[in-house]
Each structure stands twice: as C-alpha cells, then as structure tokens.
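Asks: Any chance you could fold what I've pasted below:
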Amino acid sequence: MSSPEIIPRSEVSRFLCFGNVRNSEDGKALTLSRMRPRLRHAGLPDEIQTAVPEICTRGILPEVGSSGRAWPKTRVIQKMKEPNRGIVEATNRAGVPALADEIDERLAGLQRSNAAELREVRREFSARLKGAAPHVVIELAMLLLEVPRFEYRFIGYELIHHHPSALAHLNAWQLEQLGHGIATWSAVDCFAVYLAGPAWRERRVPNSLIHGWAHSADRWWRRAALVSTVPLNSKAQGGKGETYRTLQVCRMLERDRDPMVAKALSWALRELAKRDPRAVREYVGSRKDVLPALVLREVTNKLSTGVKNPRAKK
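Replies: Numbers count the residues shown, from 1 in each chain. Reported below is the predicted structural model:
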C-alpha cells in the first residue's frame, strides 16, 4: 500500500481530530454540512484520502472531479441505495463526513427530537452500517460529537452500541474521547450505559480507568463511574451481577454529596440489589454514617418494598 497524503502539521490541530473536522477556533459551533466547505476556504487540500480504494475515513473530504467541483451529495446518496454497494461504496466516495451530513439533514428535518424519532433515524443508519468496519462507526460517532447537541451524541453512542463489533473494538483512549464534553445527566447516562459500562463489563477497558473517573474533580465523570456499574448488573443490558466491582466504585464515592453523584450511587446500589440483595443490605448497614440520606432512603426502600419510592407508586 502506498503511503497516504500527509496533512500539514500546522493545519492538523485546528481542523482534524481522529480524521474528523474540528469546529473553528472562534468557538462557534458549525453544522456538519458547513464544516467541509470551511476547510476548503481555509486552504486545505480538497482531497485527502489513502491511495488504495478501501473504506477510508481519516480526514476524507469530497472527491474532486476534473472540473474541480466536489461530488454532489445526491450522488453519494444514490450510490448508497444501489444494490450490492451499500456502505462500502459510499465511504469510498466521500467517507464518513458524507454519512454525518446525511444524519445531520435527517435530524434537522425532525419535527420533534424525542427518543422514538431519534431511534428511527439510528436504526436506519445501523442497518446501513451493519457490514462496515468498526473504525468506520467509531469515527462517525466522533464526528457527530463535534456538534454540541444531545441528539447527535445520542445517535453516535447508539450507532456504536448496536453495531455488531464496534463496541468490542473500543479501547480506553477512544472511550474517553467519546466521553469528552459530557456535561448533563442525560449525556453522562447515555455514555455510561451504552459505551463505558458494556466495555468495562466485557473487560475491554481496565478497572483503573473507571476508578480514575471516580476520583475526578469533574462531577460528571464521577457520575459516569457509578452509572458504568449499571450494565454490570442490569439483566436487560446483559449484566450477570458484579458485586465486587460495583461496590469498589461505590466505596470510592460514598462520601460525595454532589446531588448528581448521590443519585447515581443510589441507582448503582439499587441495580445491584436485584442481583445480590444481601451484599447491598450489608454494605448499607455498615455505612449508614457516611452514605447520603437520599441513598439510604431509596436503597432501603428498594430492599424492603421493591421500589425506591413507595409513596409515588401509590
């Protein structure tokens, strides 16, 4: 294989990240459809791709013909719809950015960005990406995260989670990059339940990674550490019960009084209680003096009544 064209080092840090386009330095968020034209105006080469016609994802921009114009997006979409071509032909033509542009257009056309509509979009692209290489799906998710809106993060995380092999190929470094920017409970829980927890459960990432998050100064990463224990124990998410690893993280954060962290601690213990109620009962009984009141109340209710808030159930 011949070596790929090299992007000038002075331009890489400004515009590319894992082969994807960064927002401009002025801090204003650009829509995905505007990112690549912005690169061309900045003087980057119009065509950056490997010499071999494989699935290319690292910094690919639209293919340029003899006229100097980029391939129309409709041509990319048409290629995707042709039988026996699918995702491979599409990524050969315009790469991951073309797919991200399509997702961008679909999301912009939604009347309501509720979970049902977002999942409909995600299922469509999951079907098309079923035969794609894991790194294609991971880099697509990375590019979607360039837009600071939850629906893009949601789609990116679910694409990896539901791909046959993308989740199994995540490493610790990629996982932390996918978590970059989590700053709401919904973003954290989506990240931990769909990516971090399953990867940790299958021992794709080490315990030390999750423990490092538990000691973070950032409340959201501390919450992520606790919520990552949920897939270890949730039957619906493939968990089989991991008492030791769950309580390890819980002990690290049992004195944390941040509301977002305390609520996550309660969730982690309540989920473990479905698998190992005896261990949770013993832990709570021995740590009454240090656990937040909310945790004591909700976990005790769960152990005795099966729900965290019996009054709400009535």
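Asks: can you give me the helices for the stretch 101-250 of the chain?
Replies: 115-128, 134-144, 150-161, 172-178, 185-191, 197-201, 207-214, 219-227, 230-233, 243-252 (DSSP state H, counting those that start in this stretch).
Asks: Buried residues, the shortest one. List them.
Replies: Of all the residues in helix 230-233, those buried under the rule 16 or more other CB atoms under 10 Å are 230-233. In short, each C-beta sits where N, CA and C put it, glycine included.
Asks: Tell me the buried residues in the one helix or strand residue 267 maps to?
Replies: According to DSSP states H and E, residue 267 maps onto helix 259-273. Residues of helix 259-273 classed as buried by neighbour count (16+ other CB under 10 Å): 260-273.
Asks: Dump the helices of the stretch 101-250 of the chain to TSV, plus distance to residue 286.
Replies: Below are the helices of the stretch 101-250 of the chain laid out as TSV (distance: least, CB to CB, whole Å):
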stretch	distance to residue 286
helix 115-128	39
helix 134-144	41
helix 150-161	36
helix 172-178	32
helix 185-191	28
helix 197-201	25
helix 207-214	20
helix 219-227	19
helix 230-233	20
helix 243-252	11
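Asks: Let me have the ones you listed in a markdown table, adding mean pLDDT and distance to residue 277 as columns.
Replies: A markdown table is the format used below for those (pLDDT from 0 to 100; distance: least, CB to CB, whole Å):
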| stretch | mean pLDDT | distance to residue 277 |
| --- | --- | --- |
| helix 115-128 | 94 | 31 |
| helix 134-144 | 95 | 37 |
| helix 150-161 | 96 | 29 |
| helix 172-178 | 97 | 31 |
| helix 185-191 | 97 | 24 |
| helix 197-201 | 97 | 20 |
| helix 207-214 | 98 | 23 |
| helix 219-227 | 98 | 19 |
| helix 230-233 | 97 | 11 |
| helix 243-252 | 98 | 11 |
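Asks: just so I know, which of those lies nearest residue 290?
Replies: Of all those, it is helix 243-252 that lies closest to residue 290, at 9.6 Å by CB to CB.
Asks: just the angle between the closest one and helix 207-214, please?
Replies: 30 degrees (axes from the mean of the first three to the mean of the last three CA atoms, to 10 degrees).
Asks: okay, now the domains of this protein?
Replies: With domains defined by automatic domain parsing, the chain comprises 1-169, 182-314.
Asks: Quickly, which of these bottoms out on average pLDDT?
Replies: With a mean of 62, domain 1-169 has the lowest mean pLDDT of the domains of the chain.
Asks: Next, the contact list for residue 213, please.
Replies: Listed by CB atoms under 8 Å, 6 or more residues apart in numbering, the contact set of residue 213 reads 221-222, 224-225, 228.
Asks: go again using 7 Å as the cut-off
Replies: 221-222, 224-225 (CB atoms under 7 Å, 6 or more residues apart in numbering).
Asks: Apart from its neighbours in sequence, what residue is nearest it?
Replies: Nearest non-adjacent residue to residue 213, counting by CB to CB, 6 or more residues apart in numbering: residue 225, 4.0 Å away.
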